[in-house]
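**Q** Okay, here's the prediction I keep looking at, along with the sequence it came from:
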Amino acid sequence: MTPQEMKKLDKFLIEKCMKWKWLDEFKMWFPSADQLGRTVQIDDGYSKKTWHPTTSIEQAMMCVEKFIDSDHEVFINCQIKGIWNCEINKGKNQYYSPANNTPELAICLAIEKALEVNHGS
């Protein structure tokens, strides 16, 4: 996956999975106060340079947590050293990532596939 494709996927995930909004005045992505259950603060946001779930396992897991909250099951596994995949289940629907060399990219691609199928994004 090219760096440009990864940036596009990062943006897709923050908009469609996390449901955060871009605020031009701060040049950052922010969750809503409803999502946080409190007032939003500047430390709650991510810039385009700091949001990168395709290369950050911590941020990829934030997306997984969002999916689990919406009644999806998420399975991440490594069957062969260095080859990762991710499976997302909701009812009878299953979405798989292609094999990847990082768990964060496997997670991101599976979530993208599930969101595209369910929401036509």
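**A** Nice, thanks for sending it over.
**Q** Could you work out the end-to-end span of stretch 31-44 for me?
**A** 7 Å (Cα to Cα, to the nearest Å).
**Q** now the helices for the chain?
**A** For the chain, the helices defined by DSSP state H cover 3-12, 33-36, 57-69, 103-119.
**Q** Give me whichever of these is most buried.
**A** helix 103-119 (a mean of 20; mean count of other Cβ atoms under 10 Å). Where you see a C-beta, it was placed from the backbone N, CA and C, and this is true even at glycine.
**Q** need the helices of the chain in TSV with mean pLDDT and distance to Ile76, can you?
**A** Formatted as TSV, the helices of the chain follow (pLDDT from 0 to 100; distance: least, Cβ to Cβ, whole Å):
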stretch	mean pLDDT	distance to Ile76
helix 3-12	95	17
helix 33-36	76	24
helix 57-69	90	8
helix 103-119	87	6
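**Q** how about these, which one is nearest Lys81?
**A** helix 103-119 (12.6 Å; Cβ to Cβ).
**Q** Hey, what's the angle from that closest one to helix 57-69? Just curious.
**A** 30 degrees (axes from the mean of the first three to the mean of the last three Cα atoms, to 10 degrees).
**Q** so what's the residue most central in space within the chain up against?
**A** With distances taken as Cα atoms, centre = their mean, the residue of the chain nearest its centroid is Cys63 (3.9 Å). Neighbouring residues of Cys63 by Cβ atoms under 8 Å, 6 or more residues apart in numbering: 13, 17-18, 53, 107-108, 111.
**Q** out of those residues, what pair is the most spread apart?
**A** Met18 and Ile107 (13.1 Å).
**Q** Ile111 touches Leu13, doesn't it?
**A** Yes - using Cβ atoms under 8 Å, Ile111 is in contact with Leu13, at 6.5 Å.
**Q** Now do the residue nearest to Trp22 when sequence neighbours are not counted, the pLDDT please.
**A** Using Cβ to Cβ, 6 or more residues apart in numbering and skipping residues adjacent in sequence, the residue nearest Trp22 is Trp29, 5.6 Å away. Note on Trp29: pLDDT of 92.
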